[in-house]
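K.L.:
The following block contains a protein sequence and its predicted model.
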There are 2 protein chains.
Amino acid sequence: MAKTVPAARYLFQRLRELNCHSVHGVPGDFFLRALDHVRPAGLNWIGNANELCAGYAADGYARAGHSIAARQSGHGPKVGALFTTYGVGELSAINAVAGSYAESIPVVHLVGTPSQKAWQVSSAARPIHHTLGDGRMNVYAEMAERITCAQTKFHKYRSVEDAVQAFDETLQECVLRSKPVYVSIPVDMLEAPVPLELLARPLQSITKGETGSVEDDLARNIAERIRTARAPLLIVDGLSYPYDLLAEVNALADMIPTACFGSALGTVDSDAKQWLGTLSGPIEYSNSADVVLIAGPILSDTNTAAWTAVPSTENRVMFNLDSVEMDGKVHQILGKTVLQRLLRELSSNPLTPVPLPARQLSNNLSVHTQITQDVFWSTMSPFLKPDDSVLLANGTPLIGGRDMEFPSRTQVFASSIWCSIGQMLPAAQGISLAKRDLGLPGRTILFEGDGSFQVTCQALSDIIRCRLDVTIFIVNNDGYTYERWLNGMQADYNHVPSWRYTELAKAFGAPSDYPVLAVTVRTMTELEDLLTQKAIHNGKGLKIVDVVMDAEDVPEKAKAGLRRAGEALRVQP
Amino acid sequence: MAKTVPAARYLFQRLRELNCHSVHGVPGDFFLRALDHVRPAGLNWIGNANELCAGYAADGYARAGHSIAARQSGHGPKVGALFTTYGVGELSAINAVAGSYAESIPVVHLVGTPSQKAWQVSSAARPIHHTLGDGRMNVYAEMAERITCAQTKFHKYRSVEDAVQAFDETLQECVLRSKPVYVSIPVDMLEAPVPLELLARPLQSITKGETGSVEDDLARNIAERIRTARAPLLIVDGLSYPYDLLAEVNALADMIPTACFGSALGTVDSDAKQWLGTLSGPIEYSNSADVVLIAGPILSDTNTAAWTAVPSTENRVMFNLDSVEMDGKVHQILGKTVLQRLLRELSSNPLTPVPLPARQLSNNLSVHTQITQDVFWSTMSPFLKPDDSVLLANGTPLIGGRDMEFPSRTQVFASSIWCSIGQMLPAAQGISLAKRDLGLPGRTILFEGDGSFQVTCQALSDIIRCRLDVTIFIVNNDGYTYERWLNGMQADYNHVPSWRYTELAKAFGAPSDYPVLAVTVRTMTELEDLLTQKAIHNGKGLKIVDVVMDAEDVPEKAKAGLRRAGEALRVQP
């Protein structure tokens, strides 16, 4: 008799083949039995405090695979994974999954559903819990279809063999398209026997297609434009992380003047020979650029200072995951391959370096008693080390973080378009876990806002429960400072309650043998004293630094842009 | 020149006409300006810590209108209201809104969106933050359409006058159909001037239609069946709360043997002459019933012990919001009206009372050192007082709460079908707030699980911020005990971290002048001592009682049902 494995075990083993060693989620009755198969498949179950945290953490887990260290070692996770229950569970996570879609992060969302029979007979007369009570069983899947690139619903298949093969294809779509996928499995199929031989087949090689002469022609054409340009410019945008373009853009940054947008912080080594820095608006060089390459474009308003930072030239080449756009024409080929060919072209006949403008170094290090946004971010730059993963929460960290200097190989997670407050604390849990699961180097450092922290504070309990290594600096400025600048500087609706952040680890049950460092700093002297202590630098255990700042303070250079954004909201109808 | 009000102000004033005095939500850039109009319209803005909490709280706020005290005074809120930002905000709340749909709670979900122009021009080339980056702006509204009964999207209208009139109709649908609605408004329409005369028109009278001879005929027919029945039975189900059937079912419960399902706890006064109690399965009388009336039927599996508690007779009449079903035929008339006519019929010629079986009183009050589920719930019954609102969290409170005796006019919130863990702490915030806003009597008392608490713990901060009066008993039993009985009694995935619940109020910033009572009880002696203290009974401020119980303990009489449910999950494929 042919050997078999239960379907649930099959799912988890496939995830492990993609270097996903942990599944995030909250248990529910429709898939409890699946959880008995997590450990036998070599994975860990991370029981998060809620599903939104689980979703953000699964996204963070996948992003840990995008650091330079993970790419070079080949050991990074290729996907994140999330398991929730039907209806109540999956809907609680849907904002995180939609964010993964918007920012091109490969996450597998597994959902345990009622039985196959229930799918056939459920009705308004005999409604099952977690349904809407009217017999519409498929509503949640219909929602998920809008924010995932592929779906497998096990109950649709006559045989479990067909279902798992569809699942394999869905997994491949997840990796190839770098987008989340949706997989639902009814409770009575979790243990359905799957022939072991199906699991023995390798997942179809997840390579990114063949390459040929089209790529060569295009690369030669682009190289020629660069050679004849007066002021060529490479802009690295945030999708360079998930699209795996970091090696290519770093090599190019030694040859062509290169800058990045805010969501691509950390993609390019600041020691690169032709590095210009971060574009938080137009600079003289970008204004005069006559050919512009954009790698991993997301080009959202928040990421490009409402598009003012995007050079106006029409002579623009965009390198996407599976297309390259030039002269308004979209070529369906891999952006990464064309960048590689371009590198070969340029290396075979080195360019004359373009003389760069002197870089304006920020010089805000005046001594203040109070900790100001202008001084804080530059003070924190020397704290960072190579291979750190740095998360910048939406709000002032996303703004101020642009002023930091990141050492080589720093991975920076700055939201490119989703900009959902509360995302980063659970994401830090996911990244830190992936680093431990897969032996990836570097610390996990979160710059968080107080408003953001409160949205998903239970992720701190998840961090403690998993005994993870996470360092958190909370910009404790009494509320939504970013929003204050847009409308209602002193309005109560931009205020959040004053929590005692340093007491939370204990209240959330941190055990005595798990290292916790929790401290409040209110002055530059206190901050600088803290930074001279060895313990704050080792990245071990949980560190919470509650950094008290003024409610209305933002970096000086961000003020003009925030004022403009606020005025845009005040356009009279 | 005609006087005008800004559109945002119009929205809020309409809500206030429906006795909704507080708007829940989290601010976002697309609707910050609207918040400047909340207070001028006579409402309060409740800045919740996250959107899921806001959604559950808005649902709870609306439910406060369903108590007997609220119905009798006419002062209860007719809707709850929730305001979130586009995409990231609305999706974080969508699980709560879907729950309002499933359980027929009228909630108005307002969403602030990008500008009218953005709706026209947004594209993958120039994507706006909070979109999916591909130009599909309408995705979130498409999701919302599946879980709301009516929608108004302001950007679809040429004039703001047309939009607000559509909004009025949507509000009316919300109340008439007792379901959530979805209203989106672009940032540049928030201040659009609306003629004051539109606001002066009363909302179309929100009555429930005309009544005529069809109702009379049906009522006579039903009365005749009851008169000739050997064993008539009225079962009150959970939707009797939102459908406003409490006066009618209480009057009937003096005439006809009456029981309720678990989600209708508290609907019927236990002093009613023909009260049988709660059906957690079939009882002798219900087995032999030959005509069964069901008021406010939801009839979900969890609410009816997998339908075993539903009498098998075909001779059944169901009273819905806008239909009455008899002999398999659906009459499109108001259930409430038919019940009123039925009462008149039966009163005009009183029935001979049916001799009832002696009620089995629970008698579990043996003295134990440890606090067991069998003893806890009966111990807590005398704690309750008339007009209290009691919330039973999903998990063991939902099970054990069925064994409690509720005094007259107690409102009980026990989920009928949605059963989402984490719902009840924010719902308690909403109910308590509505009681204060509208001067409704009674305390707000939550029986919570530890696993549930952790899902939405930041709602405790919302309670503190608003200085609300909420009494919380946390069944602290180390995890998901309900799930343990289904699968994995000792499994780690059913465990949750041990928080120090009594420390949380302080960590969440409770001010010194807000009364907080936080105490842990581990033995019956400690619990009984606490209950002798005056302070625990006054319902003022925040009270958190951390009740330590065994991880595997459930009420004795629930064990058989849980075992069966667990076995059902183990059906071999």
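P.N.:
Nice, thanks for sending it over. Numbering: from 1, shown residues only, chains lettered A, B, ... in the order given.

K.L.:
Identify all contacting residues around the helix or strand containing A:I399.
P.N.:
For A:I399, the element it lies in under DSSP states H and E is helix A:396-400. Here helix A:396-400 makes contact (CB atoms under 8 Å, 6 or more residues apart in numbering or on different chains) with A:262, A:302, A:373, A:376-377, A:392, A:414-415, A:419, A:447-449, A:475, A:477, A:481-482, A:554-555, A:558. Every C-beta, even on glycine, is put in place using the N, C-alpha and C of the backbone.

K.L.:
continuing past it, what's the next helix or strand?
P.N.:
Downstream of helix A:396-400, the next assigned helix or strand under DSSP H and E is strand A:411-414.

K.L.:
hmm, the next helix or strand after that next one in reach of chain B?
P.N.:
Downstream of strand A:411-414, the first helix or strand assigned by DSSP H and E is helix A:424-438. No. In terms of CB under 8 Å from any CB of the partner chain, no part of helix A:424-438 sits within range of chain B; the closest distance is 11.7 Å.

K.L.:
Off-centre distance for helix A:424-438?
P.N.:
How far helix A:424-438 lies from its chain's middle: 11 Å, per CA atoms, centre = their mean, to the nearest Å.

K.L.:
Report all helices and strands that that helix contacts.
P.N.:
Counting contacts by 3 or more CB pairs under 8 Å, 6 or more residues apart in numbering or on different chains; DSSP states H and E, helix A:424-438 is packed against strand A:22-25, helix A:51-63, strand A:389-392, strand A:411-414, strand A:444-449, helix A:450-455, helix A:459-465, strand A:470-476.

K.L.:
one more time with 7 Å
P.N.:
Applying 3 or more CB pairs under 7 Å, 6 or more residues apart in numbering or on different chains; DSSP states H and E, one finds that helix A:424-438 contacts strand A:22-25, helix A:51-63, strand A:389-392, strand A:444-449, helix A:459-465, strand A:470-476.

K.L.:
Could you name the helices and strands sitting against the first one?
P.N.:
Contacts of strand A:22-25 with other secondary structure elements, assessed using 3+ CB pairs under 7 Å, 6+ apart, are made with strand A:44-47, helix A:51-63, strand A:80-85, helix A:424-438.

K.L.:
Now do the domain split for chain A, please.
P.N.:
A:4-200, A:213-348, A:373-569 (automatic domain parsing).

K.L.:
possible to save those as a markdown table with mean pLDDT?
P.N.:
Compiled in a markdown table, those are given as follows (pLDDT from 0 to 100):
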| stretch | mean pLDDT |
| --- | --- |
| domain A:4-200 | 97 |
| domain A:213-348 | 95 |
| domain A:373-569 | 96 |
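
K.L.:
Show the residue spans covered by the helices in the stretch 251-400 of chain A.
P.N.:
A:284-288, A:335-348, A:373-380, A:396-400 (DSSP state H, counting those that start in this stretch).

K.L.:
And these: which comes nearest B:P441?
P.N.:
For B:P441, the closest of the helices of the stretch 251-400 of chain A is helix A:396-400, at 44.9 Å, according to CB to CB.

K.L.:
just to revisit the earlier point, ranking the helices of the stretch 251-400 of chain A by mean neighbour count, which comes first?
P.N.:
The highest mean neighbour count among these, using mean count of other CB atoms under 10 Å in any protein chain shown, belongs to helix A:396-400: a mean of 25.

K.L.:
Would you tell me which helix is longest in chain A?
P.N.:
Longest helix of chain A, by residue count under DSSP state H: helix A:160-177.

K.L.:
Could you list every helix and strand that that helix packs against?
P.N.:
Using 3+ CB pairs under 7 Å, 6+ apart as the contact test, the elements touching helix A:160-177 are helix A:7-17, strand A:151-153, strand A:181-186, strand A:193-195.

K.L.:
Quick one: these as CSV, columns for distance to A:R63 and mean neighbour count too.
P.N.:
Below are the helices and strands packed on helix A:160-177 laid out as CSV (distance: least, CB to CB, whole Å; neighbours: other CB atoms under 10 Å in any protein chain shown):
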stretch, distance to A:R63, mean neighbour count
helix A:7-17, 16, 22
strand A:151-153, 23, 21
strand A:181-186, 17, 25
strand A:193-195, 31, 18
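
K.L.:
now those in a markdown table, with distance to B:D513?
P.N.:
Formatted as a markdown table, the helices and strands packed on helix A:160-177 follow (distance: least, CB to CB, whole Å):
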| stretch | distance to B:D513 |
| --- | --- |
| helix A:7-17 | 52 |
| strand A:151-153 | 54 |
| strand A:181-186 | 49 |
| strand A:193-195 | 62 |
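
K.L.:
follow-up on the earlier one: most neighbours per residue, which of the helices and strands packed on helix A:424-438?
P.N.:
Mean neighbour counts for the helices and strands packed on helix A:424-438 (mean count of other CB under 10 Å) peak at helix A:51-63, with a mean of 32.

K.L.:
For it, name the packing helices and strands.
P.N.:
So helix A:51-63, by 3+ CB pairs under 7 Å, 6+ apart, packs with strand A:22-25, strand A:80-85, helix A:88-102, strand A:107-113, helix A:424-438.

K.L.:
what's in contact with the second one?
P.N.:
To tie it back to what came earlier, the one meant is strand A:80-85. Strand A:80-85 is contacted by residues A:15, A:20, A:23-26, A:28, A:30-31, A:51, A:54-55, A:58-59, A:61-62, A:90, A:93, A:107-112, A:130, A:430 when judged by CB atoms under 7 Å, 6 or more residues apart in numbering or on different chains.

K.L.:
Then the last one?
P.N.:
Contacts of helix A:424-438 from elsewhere in the structure, counted by CB under 7 Å, 6+ apart, are A:19, A:21-22, A:24, A:46, A:53, A:56-61, A:63-64, A:75-77, A:80, A:389, A:391, A:393, A:413, A:440, A:442, A:444, A:446, A:448, A:452-453, A:456, A:459-460, A:462-463, A:466, A:468-470.

K.L.:
run the last query once more with 6 Å
P.N.:
A:21-22, A:53, A:56-57, A:60-61, A:64, A:75, A:77, A:389, A:391, A:393, A:444, A:446, A:456, A:459, A:462-463, A:468-470 (CB atoms under 6 Å, 6 or more residues apart in numbering or on different chains).

K.L.:
and the angle from that helix to strand A:107-113?
P.N.:
100 degrees (axes from the mean of the first three to the mean of the last three CA atoms, to 10 degrees).

K.L.:
Contacts only, for A:H331.
P.N.:
Neighbour list for A:H331: A:V324 [criterion: CB under 6 Å, 6+ apart].

K.L.:
returning to what we had before: so which of the helices and strands packed on helix A:51-63 is the most packed in?
P.N.:
Among these, ranked by average contacts under mean count of other CB under 10 Å, first place goes to strand A:80-85 (a mean of 30).

K.L.:
before we move on, what SS does the closest residue in space to A:Y101 that isn't next to it in sequence have?
P.N.:
Nearest non-adjacent residue to A:Y101, counting by CB to CB, 6 or more residues apart in numbering or on different chains: A:I147, 4.6 Å away. With DSSP: H, G, I helix; E, B strand; the rest coil as the basis, A:I147 sits in coil.

K.L.:
ok, A:I147 touching A:A102?
P.N.:
No. At 8.3 Å, A:I147 and A:A102 do not qualify as touching, with contact defined as CB atoms under 6 Å.

K.L.:
one step back: filter the contacts of helix A:396-400 down to the ones near chain B?
P.N.:
Among the contacts of helix A:396-400, the ones lying near chain B by CB under 6 Å from any CB of the partner chain are A:302, A:419.

K.L.:
can you count the residues close to A:A229?
P.N.:
Using other CB atoms under 10 Å in any protein chain shown, A:A229 has 18 neighbouring residues.

K.L.:
how about it, what does it touch?
P.N.:
For A:A229, the contacting residues are A:290-291, by CB under 6 Å, 6+ apart.
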